[in-house]
Each structure stands twice: as structure tokens, then as C-alpha cells.
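Visitor: Fold the stuff below for me.
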Amino acid sequence: MADMTRSRNELLTVREVLDELGGVSRRTFYRWRELRIAPRCIRLPNGELRVRRDALDDWLKDRAEGAV
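Guide: Numbers count the residues shown, from 1 in each chain. A predicted model of the protein is given here:
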């Protein structure tokens, strides 16, 4: 159970998110942020962005197409 909680709360770097999305470019990701259609991000005190695993999973689920 602890591993499952930890993985859902895992903080992903922008690079990890881009890789998981199949190689989406950094420029595209930041454009999505400008348009407010990217997954929710956390800005760390050092200015770097992180995306929580559960936020990315929910974002992907919301964009799924096909029969429900």
C-alpha cells in the first residue's frame, strides 16, 4: 500500500512527463501551460516544475477518446 501511495504522489520532472507522453517537445508542453491545457504542475522553490503522477494520470484519463 505504501508503494502505491508513493507512486501516485511521485513528482515527475518535465523531461519524464515528455518522455511518457511519447516525446512531446518541451516547447509544446510549455505552450500547453500557456493555454492552461497541460497537466497541473507544482513549481518548486528553485523554480523547477514537477507534475504529480496522479495529476498526469488523471489528465491522460480526461483526454481518452472512444466508447465509454
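Visitor: for this protein, which spans come out with low pLDDT?
Guide: For the chain, the stretches with pLDDT under 70 are 1-6, 67-68.
Visitor: which element is the residue positioned nearest the centre of it on?
Guide: With distances taken as C-alpha atoms, centre = their mean, residue 56 lies nearest the centre of the chain, 3.7 Å away. Using DSSP states H and E, residue 56 sits in helix 53-62.
Visitor: what helices or strands is that helix leaning on?
Guide: Counting by 3 or more C-beta pairs under 8 Å, 6 or more residues apart in numbering; DSSP states H and E, the packing neighbours recorded for helix 53-62 are helix 2-8, strand 11-13. Glycine gets a C-beta too; all of them are placed from N, C-alpha and C.
Visitor: Can you give the contact residues for the last one?
Guide: Yep, that's strand 11-13 we're talking about. Applying C-beta atoms under 8 Å, 6 or more residues apart in numbering, the contact partners of strand 11-13 are 20, 42, 48-53, 56.
Visitor: Just the buried subset of these, please.
Guide: 49-53, 56 (16 or more other C-beta atoms under 10 Å).
Visitor: so how far is residue 53 from residue 30?
Guide: 20 Å (C-beta to C-beta, to the nearest Å).
Visitor: again but with residue 47, I slipped
Guide: Taking C-beta to C-beta, one finds residue 47 at 21 Å from residue 53.
Visitor: Contacts only, for the residue nearest to residue 39 when sequence neighbours are not counted.
Guide: In space, and not counting its chain neighbours, residue 39 is closest to residue 59: 3.8 Å by C-beta to C-beta, 6 or more residues apart in numbering. Shown in contact with residue 59 (C-beta under 8 Å, 6+ apart): 38-40.
Visitor: Of those residues, grab the buried ones for ChimeraX.
Guide: Buried residues within the contacts of residue 59, by 16+ other C-beta under 10 Å, are selected in ChimeraX with:
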select :38,39
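Visitor: Nearest to residue 64 among the contacts of residue 59?
Guide: residue 39 (14.0 Å; C-beta to C-beta).
Visitor: Ramachandran angles for that closest one?
Guide: Per-residue torsions, residue 39: phi -60, psi 150 (degrees, to the nearest 10).
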